[in-house]
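Trainee: Quick one: sequence plus predicted model below, questions after.
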Amino acid sequence: MPNVRTQCREAYTPRTISKAVLKALVEALVDFKPGLPTTSRKIKARAISAGKSTELEGPECWKVTDPHSLAELENVRVELLLASTDHRKCELHVEFRSGQILLSVSDIETSWGKSVFEDTRVLLSELGISSKGFNARLRKAYGLLDIFQNVLLALAMAVFAVWLTGRRTIYLYASLALFVAGVMPALTRSYHFFSPPRKTPIFQETVAKARNFPWAEATAVLAFFTGLLQLATALFAIVW
């Protein structure tokens with residue numbers, strides 16, 4: 001009878017973190033969930049950069065990045081294997097890439113997977129690795145505006161046509177706001193095309209500084225909600 005495998009995965013926005021945070025993550029995983037009836041525990045880490053790959057095992061595997069230039073790191077993976085028997089085990093992976101941070105848990109007939117996954121999510125949040133603050137919510141909302149960009153521009157033109165007919169200032173404001181919300185993603189993509197952003201390092205020696213406030217995303221999201229508010233006000237005035 002084949003083994004039953006269950007998996008849980010979650011991806012986070014990439015963040016530059018310090019090597020001290022990587023060390024704290026490894027140290028926390030060494031004694032992770034001590035109440036589990038494991039027969040063996042194994043933790044290891046692997047680092048990959050241009051033309052070089054290193055792997056370490058044990059409590060000091062966080063030093064796996066030492067032989068690499070932090071600016072050239074492409075992938076760092078921390079793995080924790082919790083085994084009940086040879087055929088019953090739970091594997092935890094935390095992977096750092098330039099494009100995302102990935103958490104995955106694979107469980108083979110131990111029933112630990114869900115608990116391990118949820119506790120690891122909490123751990124990553126406490127260490128500031130998977131932070132989902134205001135900036136992350138702004139970027140998520142901005143991503144939705146990017147998807148509906150053409151719809152917003154068409155709606156802006158429709159509202160502008162209504163303003164030409166009725167000359168009510170509120171429609172002009174709504175049209176301008178929705179136009180800004182729709183055109184901002186295109187402007188951002190154009191800017192990145194002519195001036196590509198620098199590659200964000202995965203790790204750095206010292207504590208990472210907070211990212212700059214996402215002004216472009218905030219402007220587009222604020223304009224979108226302003227446009228909706230203006231339209232709602234106009235409709236309310238018509239009804240009442």
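Mentor: Arrived safely, thanks for sending. Numbering: from 1, shown residues only.

Trainee: Show residues contacting stretch 73-83.
Mentor: Applying C-beta atoms under 8 Å, 6 or more residues apart in numbering, the set of residues contacting stretch 73-83 from outside is 22, 25-26, 29, 32-33, 36, 38-50, 61, 64-65, 89-98, 110, 112, 116, 201-203. Where C-beta positions appear, they are placed from N, C-alpha and C, glycine not excepted.

Trainee: Which of those residues are buried? Put it as a ChimeraX command.
Mentor: Applying 16 or more other C-beta atoms under 10 Å to those leaves a buried subset, and the ChimeraX line that selects it is:
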select :22,25,26,29,32,33,38,41,43,44,45,46,47,48,49,61,64,65,89,90,91,92,93,94,95,96,97,110,112,116,201,202,203
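
Trainee: who touches stretch 221-239?
Mentor: Contacts to stretch 221-239, defined as C-beta under 8 Å, 6+ apart, come from residues 138, 141-142, 145, 152, 156, 159, 168, 170-171, 173-178, 180-181, 184.

Trainee: S111 belongs to a strand?
Mentor: No. Assigned with DSSP: H, G, I helix; E, B strand; the rest coil, S111 falls outside any strand and is coil.

Trainee: Around it, how many other residues sit close by?
Mentor: 11 (other C-beta atoms under 10 Å).

Trainee: Tell me the confidence at it?
Mentor: What the model reports for S111 is a pLDDT of 88.

Trainee: and the lowest-mean-pLDDT helix or strand in the chain, what other elements does it pack with?
Mentor: Across the helices and strands of the chain, the lowest-confidence element by mean pLDDT, DSSP states H and E is helix 134-147, at a mean of 86. Packed against helix 134-147, as judged by 3 or more C-beta pairs under 8 Å, 6 or more residues apart in numbering; DSSP states H and E, are the following elements: helix 169-194, helix 215-239.

Trainee: tell me the most buried of those?
Mentor: For the helices and strands packed on helix 134-147, average neighbour numbers computed from mean count of other C-beta atoms under 10 Å are highest in helix 169-194, which has a mean of 17.

Trainee: I'd like the next helix or strand past it.
Mentor: Next along the chain after helix 169-194, taking DSSP states H and E as the criterion, comes strand 203-204.

Trainee: That following strand: partners in the sheet, and parallel or antiparallel?
Mentor: Paired strands of strand 203-204, with direction, are strand 17-18 (parallel) (DSSP bridges).

Trainee: can you tell me the average pLDDT over the strand it pairs with?
Mentor: Per-residue confidence for strand 17-18 averages out to 89 on the pLDDT scale.

Trainee: in the host helix or strand of E79, what's buried?
Mentor: Secondary-structure element containing E79, defined by DSSP H and E: strand 73-83. Within strand 73-83, the residues that count as buried by 16+ other C-beta under 10 Å are L73, E74, V76, R77, V78, E79, L80, L81, L82, A83.

Trainee: Setting aside sequence neighbours, what's the nearest residue to T65?
Mentor: Once its chain neighbours are removed from consideration, T65 has its nearest residue in A47; the separation is 5.0 Å (C-beta to C-beta, 6 or more residues apart in numbering).

Trainee: nope, Q100 is what I was after
Mentor: Using C-beta to C-beta, 6+ apart, the closest residue to Q100 is A11 (4.8 Å).

Trainee: Give me the distance from the strand or helix carrying the one you found to the chain's centre.
Mentor: A11 is located in strand 5-12, with elements delineated by DSSP H and E. Here strand 5-12 shows a centroid-to-chain-centroid distance of 14 Å under the convention C-alpha atoms, centre = their mean, to the nearest Å.
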